[in-house]
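> Test case, fold it:
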Amino acid sequence: MKKVYIYTDGACSGNPGAGGWGAILKYGNAEKELSGADPETTNNRMELTAVISALEALKEPCEVVLTTDSKYVCDGINLGWARSWRSKGWIKADRKPALNPDLWERLLNLTERHNVTFVWVKGHAGHPENERCDRLAVSQYRSLGQKQ
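Alright, predicted model coming up:
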């Protein structure tokens with residue numbers, strides 16, 4: 001399996017509000033940037049969309065080290081929350097509906113295709129790829145004509 005390093009971030013102007021996401025994929029000496037925007041979304045949806053879009057860009061099953069500043073994404077996968085929510089019909093332990101089940105379903109399916117290790121980093125703390133992903137995300141929502 002090819003080993004790919006992915007870095008992601010999502011951002012929102014208001015929550016909900018205009019949002020953007022950014023991702024960097026690295027394989028060997030090759031590097032690819034992806035980004036996108038949504039005029040009305042949440043920060044967590046943008047974090048999930050960045051991860052999903054990056055994993056969907058892979059053309060074959062890969063070993064992936066995915067670095068994000070989203071505790072929501074990392075904990076949702078690493079602590080088994082998302083799988084538990086899915087097994088209970090997208091209901092959380094507190095019996096409230098899980099948010100973003102459409103995106104979590106897509107992400108869970110992708111983690112079954114790829115061998116993904118999720119790594120959390122503190123946001124806005126100088127991590128070069130995380131900072132670049134943040135700039136991509138912010139530029140995307142700003143392109144919609146929103147102010148920060």
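
> Need the residue closest to the centroid of the chain.
The residue lying closest to the centre of the chain (CA atoms, centre = their mean) is Val51, at 3.0 Å.

> Now do the contacts for that residue.
Residues counted as contacts of Val51 (CB atoms under 8 Å, 6 or more residues apart in numbering) are Ile6, Thr8, Ala23, Leu66, Thr68, Ser70, Val73, Leu107. From N, CA and C alone the C-beta is placed, and that goes for glycine too.

> got it, and Glu131?
Residues near Glu131 by CB under 8 Å, 6+ apart: His124.

> at 10 Å what do you get?
Tyr7, Asp9, Asp69, Gly123, His124, Ala125 (CB atoms under 10 Å, 6 or more residues apart in numbering).

> just Tyr27 next, same as before
Counting by CB under 10 Å, 6+ apart, Tyr27 touches Lys2, Lys3, Val4, Tyr5, Ile6, Leu58, Cys62, Val64.

> Might one say that Thr49 is in contact with Gly19?
Yes. Here Thr49 reaches Gly19: they are 8.3 Å apart, a contact under CB atoms under 10 Å.

> list residues touching both of the two?
By CB under 10 Å, 6+ apart, the residues touching both Thr49 and Gly19 are Gly10, Gly36, Ala37, Asp38, Thr41, Ala137.

> Neighbouring strands of the helix or strand hosting the fourth one in the sheet, and parallel or not?
Following DSSP states H and E, one finds Asp38 within strand 30-41. In its sheet, strand 30-41 lies beside strand 17-27 (antiparallel), with partners assigned from DSSP bridges.

> Do a quick rundown of the strands in the protein.
Under the criterion DSSP state E, strands of the chain are mapped to 2-14, 17-27, 30-41, 62-68, 115-120.

> relative to strand 62-68, how tilted is the second one?
Direction vectors for strand 17-27 and strand 62-68, defined by axes from the mean of the first three to the mean of the last three CA atoms, to 10 degrees, enclose an angle of 140 degrees.

> Buried residues, strand 17-27. List them.
Using 16 or more other CB atoms under 10 Å as the test for burial, strand 17-27 gives Gly17, Ala18, Gly19, Gly20, Trp21, Gly22, Ala23, Ile24, Leu25.
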